[in-house]
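Undergrad: Curious how this folds, go ahead:
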Amino acid sequence: MKTLITSLFVCLAYTCFSQSKTLVILDQASKAPIDLVQVYYPGLDIGSISNADGKLKLPLLEHDIVISHINYIEQTMPFNRFKENDTIYLNPKNNQLDEVVIYNLNLKQKFKDILEHSYLKKYATDKVIHSSTYKETFSVNDSLSRIFQAQLDWFSKNSLFKSNSPIDKQNIINLESVDYSKIKTLDSSIATTKAAYVENKIFFQFMHLNLLLELLINLTEDYEIETIEHNKHTNTVYFNAALKQNGELIYTHDKSLIVFDKDYKAIKQLKFNMVYNTDFEDDISRINNIPYKKKTDYHSMELSFHTLKNGKYSISYYISKLNAVIVTEHNTDYIVSEQSLFVTKSRVGEKLKNGNIDFYTPLFENIPKSLNTNDVKILLTTTEKDFLNKSL
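TA: Numbers count the residues shown, from 1 in each chain. Below you'll find the model as predicted:
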């Protein structure tokens, strides 16, 4: 299990975006920017997602848009209003909750029911190519030291991960273009600044919901329901739990949440907040050969789904954020590594035969020389732009 430590919208093919529009999404009351707002054209299955500054870029088409976020009231906006406004304000969803209750729900049984009875009915399990934006940032002691963002095609044989089959037999990655890539030169005594990453084989396997459900069923214990928020479309369950292997506590869920549909037949979104109980481990950096100790403190994981035109759910985005401590002879460094995949288009029924990136090396170290930079689909934050603009 220790080796397991460590989007936007699903679309049909669309070939030409003649114009695009940049929006800012803010909270109505606080005027604070809202991250991970999904804005899309429902009739076309084309969309985008906001960054931490609340900004996103969307092709300008003469259709109404839908604005959606897990914590805010969904709204539909006519094209004329959307075209004329550069800022959109959202109201928190708790203003429209039908009910907030605290009681004992058998979560493990709900997971079993989905996996055994409704998974194949509710989720797209055909072969599919996901055109996606992949992004990663790496910070040491609250300072960015690496950023990488690229466009790639990710082929998945189906949405069922098979643990007895190698990840590269079920998935293929083809890197299409690179938006940004920068690695800051730091003191050589920092053991893994250039080397640290979550392996592709681990990152991509956790985008398969059935694997997460199996972990929740087979290795997770001591479920405690904090609250359940009901409305006419969803049931949002906040819970605590513990994941153990061979009797050893690996991590605890701290106010993690799962958004079920109204009938508990499918999961529309989840966010795991995992607090680790592991000790320091000895390792040697693969670039500078520096002995060091490492420990994971916290890992958050967020997975969201979107409904295709055929009515089935398919992945829209996946985000993994890892907080760790690295100790060398001279330094104690606090590490934050974040990796994201935002699906911008899905081609159901198509297969990618060959890829140019394997699952056992980091993406930022395997950039084909022939790649060009194309139009950026997922915007960077002000902090990330400042980092890119500073000289090494």
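Undergrad: Around residue 209, how many other residues sit close by?
TA: For residue 209, the count of nearby residues is 23 (other C-beta atoms under 10 Å). Bear in mind the C-beta positions are built from the backbone N, C-alpha and C, glycine included.
Undergrad: residues touching it, list them.
TA: 119, 123, 159, 267, 303, 305 (C-beta atoms under 8 Å, 6 or more residues apart in numbering).
Undergrad: Quick check on it: phi, psi?
TA: Main-chain torsions, residue 209, degrees, to the nearest 10: phi -60, psi -30.
Undergrad: same thing with the one 3 residues further on?
TA: Backbone geometry at residue 212, expressed as degrees, to the nearest 10, gives phi -60, psi -40.
Undergrad: where in the stretch 201-350 of the chain is pLDDT low?
TA: Within the stretch 201-350 of the chain, the ranges that satisfy pLDDT under 70 run 286-288.
Undergrad: Distance of residue 225 relative to residue 242?
TA: 14 Å (C-beta to C-beta, to the nearest Å).
Undergrad: Quick check: end-to-end length of stretch 53-67?
TA: 16 Å (C-alpha to C-alpha, to the nearest Å).
Undergrad: again, but for stretch 350-363
TA: 23 Å.
Undergrad: ok, residues contacting that stretch?
TA: Contacts for stretch 350-363 (C-beta under 8 Å, 6+ apart): 127-129, 134, 136, 148, 150, 152-153, 155, 167-168, 171-175, 197, 199-201, 204, 366, 368.
Undergrad: Only the buried residues of that stretch, if you could.
TA: 352, 355-357, 359, 362-363 (16 or more other C-beta atoms under 10 Å).
Undergrad: Please name the nearest non-neighbouring residue to residue 115.
TA: Excluding its sequence neighbours, the residue lying closest to residue 115 (C-beta to C-beta, 6 or more residues apart in numbering) is residue 213, at 4.9 Å.
Undergrad: Going by secondary structure, the one you found is in what exactly?
TA: Element membership of residue 213 [criterion: DSSP states H and E] is helix 209-218.
Undergrad: immediately after that helix, which helix or strand?
TA: Toward the C-terminus from helix 209-218 - assigned by DSSP H and E - lies strand 220-230.
Undergrad: Just the buried residues of that following strand, please?
TA: 220, 223, 225, 228-229.
Undergrad: those helices in this structure, which residues are they?
TA: Counting by DSSP state H, the chain has these helices, from start to end: 79-84, 107-113, 119-122, 167-170, 200-205, 209-218, 382-389.
Undergrad: Would you mind splitting the chain into its domains for me?
TA: 7-95, 98-389 (automatic domain parsing).
Undergrad: Just to check, the residue nearest to residue 115 is in contact with residue 114?
TA: Yes: Residue 213 is within contact range of residue 114, at 6.6 Å (criterion: C-beta atoms under 8 Å).
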